[in-house]
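[1] okay, sequence plus prediction incoming.
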Amino acid sequence: MSGRVIVVGSVNVDLVVRAPRLPAPGETVIGGTFERHHGGKGGNQAVAASRLGVRTAFVGAVGDDDFGSAARTALEHEGVDVAALRTVRGQPTGVALVLVDDAGENLISVASGANAALEPADVRKALASLRLARGDVLLVSSEIPRPSVREALRGARATGALGILNPAPAPGLDRGIFGMSDVLTPNRAELASLVTEEGDRTGRPFAADYDPVRAAEGLLATSAEGAGVGLAVVLTLGRAGGLLVRVDGPALDLPAPAVSSVDATGAGDAFNGALAAGLAEGRTLPDAARRAIQAASLSTTIAGAREGMPSAEQLKAFARRAHN
């Protein structure tokens, strides 16, 4: 019997305008097209895990508005248990305003809304109601208040569940938070932020030629500031795949299969959701990480964040083709 994936994180509605070019300050650019999508890292990651056939529950907050109702319905439609999705009276649902030009450059502004109202007590109550237990995988990202991120990881540690922290965004996350996780999943920029905030031990800023293995090992090690990440850092590297740096073994390269990428939006969420799903199914960390890289790669072949997240059948067929 596999465990569950419990995602603690944000829910947003993405309002996207695509136009020939981005406006300068004070300028209006006409001729764009409008799209509305369901988003938020937490919501996306829950969908990614659920589509792979793993029982998935979501802990978060939406406002008591039409966007909140629509966001809840969208998660339910994907098979996600939303019993612990709180509706906050008097608060709007989180909204991301996204401007995209013909070259793919974008400007994004986020109003966190109800996501910012998710308190540690809410997380504690939700995890108790879901009966988080050993064998479950808890996945939390940091688009919610930092104390609530820490409470989620504390809950995983207290119950013996596996705790994964996706440090996105990374600023403000210290060892007192990421040191509570079993697995940390930064991209290169997030790793840079975590290392820089720690003082980088060598005194050097994080540069393009910085050794990512050494940087990750610094986050795994216990220091005067506190404990390190418990098991591993899985660094995502976009088209280059990823890198698994473990406490108890050599670093492993995780190459990404070649794909015709259309839209990388949500690829990181696809990776994290698939990683959590694989670990909940009982896969080893290297196997789950390799499969998650494949899921992220496949997700980029279809436009949209959630639109491209694969089902278990699609991922299995893709892995078979990539192997051949």
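    Arrived safely.
[2] average pLDDT for the helix or strand hosting Val62?
    Assigned by DSSP states H and E, Val62 falls within strand 56-63. Average pLDDT, strand 56-63: 98.
[3] now the strands for the stretch 201-324 of the chain?
    For the stretch 201-324 of the chain, applying DSSP state E, counting those that start in this stretch gives strands covering 232-236, 242-246, 252-254.
[4] as JSON lines, those with mean pLDDT would be great.
    JSON lines is the format used below for these (pLDDT from 0 to 100):
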{"stretch": "strand 232-236", "mean pLDDT": "95"}
{"stretch": "strand 242-246", "mean pLDDT": "94"}
{"stretch": "strand 252-254", "mean pLDDT": "93"}
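[5] re earlier: and the strand holding Val62, C-alpha only, in PDB?
    Listed next in PDB are the C-alpha coordinates belonging to strand 56-63 (Å, rounded to 0.1, in the frame of the first residue of the first chain):
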ATOM      1  CA  THR A  56      -3.200  13.500  -2.800                       C
ATOM      2  CA  ALA A  57      -4.600  16.100  -0.300                       C
ATOM      3  CA  PHE A  58      -4.100  19.800  -0.200                       C
ATOM      4  CA  VAL A  59      -3.600  22.200   2.700                       C
ATOM      5  CA  GLY A  60      -4.000  25.900   1.900                       C
ATOM      6  CA  ALA A  61      -6.300  28.800   1.800                       C
ATOM      7  CA  VAL A  62      -8.600  30.600  -0.700                       C
ATOM      8  CA  GLY A  63     -10.800  33.700  -0.300                       C
END
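[6] okay but Thr159 is in contact with Gly135, surely?
    No: under the criterion of CB atoms under 8 Å, Thr159 is not in contact with Gly135, lying 9.7 Å apart. Using the backbone N, CA and C atoms, a C-beta is placed for each residue, glycine as well.
[7] so which of the strands of the stretch 201-324 of the chain is the most surrounded?
    Mean neighbour counts were taken over the strands of the stretch 201-324 of the chain using mean count of other CB atoms under 10 Å, and the top value, a mean of 26, falls to strand 232-236.
[8] follow-up on the earlier one: got the strands of the stretch 201-324 of the chain as a markdown table, with distance to His38 columns?
    Compiled in a markdown table, these are given as follows (distance: least, CB to CB, whole Å):
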| stretch | distance to His38 |
| --- | --- |
| strand 232-236 | 22 |
| strand 242-246 | 26 |
| strand 252-254 | 28 |
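[9] among those strands, which is nearest Pro25?
    Smallest distance to Pro25 across the strands of the stretch 201-324 of the chain (CB to CB): 33.0 Å, for strand 232-236.
[10] name the helices or strands packed onto that closest one?
    Counting contacts by 3 or more CB pairs under 8 Å, 6 or more residues apart in numbering; DSSP states H and E, the secondary-structure elements packed against strand 232-236 are strand 183-184, helix 188-197, helix 212-220, strand 242-246, helix 267-280, helix 285-299.
[11] give me the below-cutoff pLDDT ranges for the stretch 51-200 of the chain.
    By pLDDT under 70, the weakly predicted segments of the stretch 51-200 of the chain are 104, 197-200.
[12] need the strands for it, in chain order.
    Taking DSSP E, counting those that start in this stretch as the criterion, the stretch 51-200 of the chain contains strands spanning 56-63, 85-88, 94-100, 106-111, 137-141, 162-166, 183-184.
[13] and the ones you listed as a markdown table, adding mean neighbour count and distance to Gly238?
    Putting the strands of the stretch 51-200 of the chain into a markdown table (neighbours: other CB atoms under 10 Å; distance: least, CB to CB, whole Å) gives the following:
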| stretch | mean neighbour count | distance to Gly238 |
| --- | --- | --- |
| strand 56-63 | 28 | 25 |
| strand 85-88 | 19 | 31 |
| strand 94-100 | 20 | 18 |
| strand 106-111 | 12 | 16 |
| strand 137-141 | 30 | 18 |
| strand 162-166 | 27 | 15 |
| strand 183-184 | 27 | 18 |
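[14] who touches Val59 in this structure?
    The contact partners of Val59, by CB atoms under 8 Å, 6 or more residues apart in numbering, come to 6-9, 84-85, 122-123, 126-127, 130, 152.
[15] okay, which residue is most central for the protein?
    Centrality entry for the chain: nearest residue to the mean C-alpha point is Asp269, 4.4 Å, by CA atoms, centre = their mean.
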